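Q: Structure, please.
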Amino acid sequence: MGPQLTHVLIVDDEPAISKALATALTRAGGFRVSTALSGETAMLVVRAQPVDVMIIDLRIGDIRGDALFELAAATQPHLRNRSLFT
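A: Residues are numbered from 1 along each chain as shown. Next up, the predicted model:
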């Protein structure tokens, strides 16, 4: 089995920004990247699998980024110290 990759979840309702961030992290290496274009999709990912780091847009179409952060951290508490807002 290969090295453990850090799972990064990018949440941004602008596909071009999500893609650019995902591409940069993938090229850097060491990351497994998931993207979500909505808060609803992000929470499906958070509930289904471990996420090491979240990058969250503050203004997402269906929910504020800070509200999404609270929901995600309630599910995976370590995200309180491993989230970045854009």
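Q: Could you export the longest helix seen in the chain as CSV, CA atoms only?
A: Ranked by residue count under DSSP state H, the longest helix found in the chain is helix 15-28. The C-alpha coordinates for helix 15-28 follow below in CSV (Å, rounded to 0.1, in the frame of the first residue of the first chain):
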residue,chain,number,x,y,z
PRO,A,15,-16.4,25.5,-10.4
ALA,A,16,-13.3,27.3,-11.9
ILE,A,17,-12.0,28.1,-8.4
SER,A,18,-12.6,24.6,-7.1
LYS,A,19,-10.9,23.1,-10.2
ALA,A,20,-7.9,25.5,-9.8
LEU,A,21,-7.4,24.6,-6.2
ALA,A,22,-7.8,20.9,-6.8
THR,A,23,-5.3,21.0,-9.6
ALA,A,24,-2.7,22.9,-7.6
LEU,A,25,-3.0,20.5,-4.6
THR,A,26,-2.9,17.4,-6.9
ARG,A,27,0.2,18.7,-8.7
ALA,A,28,1.9,19.4,-5.3
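Q: Spatially nearest residue to Thr26 (excluding sequence neighbours)?
A: Counting by C-beta to C-beta, 6 or more residues apart in numbering, Thr26 lies nearest to Val33, which is 5.7 Å off, once chain neighbours are set aside. Yep, even glycine has a C-beta here, placed from its N, CA and C like the rest.
Q: So what pairs up with the one you found in the strands?
A: Val8 (DSSP bridges).
Q: How about the contacts made by it?
A: Counting by C-beta atoms under 8 Å, 6 or more residues apart in numbering, Val33 makes contact with 7-10, 21-22, 25-26.
Q: ok, 6 Å please
A: Residues near Val33 by C-beta atoms under 6 Å, 6 or more residues apart in numbering: 8, 22, 25-26.
Q: picking that back up, mind listing what's buried along the longest helix of the chain?
A: Buried residues in helix 15-28, defined by neighbour count with 16 or more other C-beta atoms under 10 Å: 18, 21-22, 25.
Q: repeat for stretch 69-83
A: Neighbour-count burial for stretch 69-83 [16+ other C-beta under 10 Å]: 69, 72-73, 76, 79, 83.
Q: for stretch 39-54, same thing?
A: Neighbour counts using 16+ other C-beta under 10 Å place 39, 41-43, 45-46, 51-54 of stretch 39-54 among the buried residues.
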